[in-house]
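Enquirer: Model the structure of this input:
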Amino acid sequence: TRLMNPRSATALLLAALLDLALVLGTLPLWCGGVYGAAGLLSFWLYRRDKAAAQAGNWRVSETTLYAFDACGGIIGGLLAQQHFRHKTRKQRFAATTLVIALLHLLWLGSAAMGLVAFAWP
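Expert: Model (predicted):
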């Protein structure tokens, strides 16, 4: 059996890069709070959507899921996709989520390496 799947591995890498950037001070601490809060909310939205799909109730739109993932919830979104096995077979959804994850990897990796400066007035 595989010890770690691609979604979980990507979420772990994103979390490690975020932690590194926070420890090095290349991102302000509130960014960690945003990623944490958005990740929890994204995880909850995926759980809610999965339950609604199973019950035949009103669903969370894919656009909403994308938006929360893009706004910092990608770690929670990836973990929820894997945990609930939700949206994992929809190729278009998976491809869009991959693009969002790659953008966050680029951003957090650049911040962790000090290649981007975060300026906040």
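Enquirer: Identify the residue nearest the residue most central in space within the chain in space, chain neighbours excluded?
Expert: For the chain, the residue nearest the mean C-alpha position is I74 (0.9 Å; C-alpha atoms, centre = their mean). Using C-beta to C-beta, 6 or more residues apart in numbering and skipping the chain neighbours, the partner closest in space to I74 is H104 (5.0 Å). Yep, even glycine has a C-beta here, placed from its N, CA and C like the rest.
Enquirer: If you count neighbours, what's buried in whichever strand or helix holds that neighbour?
Expert: Secondary structure from DSSP states H and E places H104 in helix 91-112. Residues of helix 91-112 classed as buried by neighbour count (16 or more other C-beta atoms under 10 Å): 93, 96-97, 100-101, 104, 107-109, 111-112.
Enquirer: and if you look at stretch 51-66?
Expert: 60, 65-66.
Enquirer: again, but for stretch 67-84
Expert: 68-70, 72-82, 84.
Enquirer: ok, now stretch 111-121?
Expert: 111-112, 116.
Enquirer: Quick check: which element contains S42?
Expert: Assigned by DSSP H and E, S42 falls in helix 29-55.
Enquirer: Would you mind listing the outside residues contacting the next helix or strand after that helix?
Expert: Downstream of helix 29-55, the first helix or strand assigned by DSSP H and E is helix 62-68. Applying C-beta atoms under 8 Å, 6 or more residues apart in numbering, the contact partners of helix 62-68 are 38, 41-42, 45-46, 49, 77, 87, 93, 96-97, 100.
Enquirer: Now render those residues as CSV, adding pLDDT and distance to P28.
Expert: Output for the contacts of helix 62-68, formatted as CSV (pLDDT from 0 to 100; distance: C-beta to C-beta, whole Å):
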residue, pLDDT, distance to P28
A38, 98, 15
L41, 98, 20
S42, 97, 21
L45, 97, 26
Y46, 96, 27
D49, 94, 31
G77, 97, 23
K87, 85, 31
F93, 93, 32
T96, 96, 28
T97, 95, 26
I100, 98, 22
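Enquirer: Point out the least confident member of the buried residues of stretch 51-66, please.
Expert: Least confident of the buried residues of stretch 51-66 in the model: V60, at 93.
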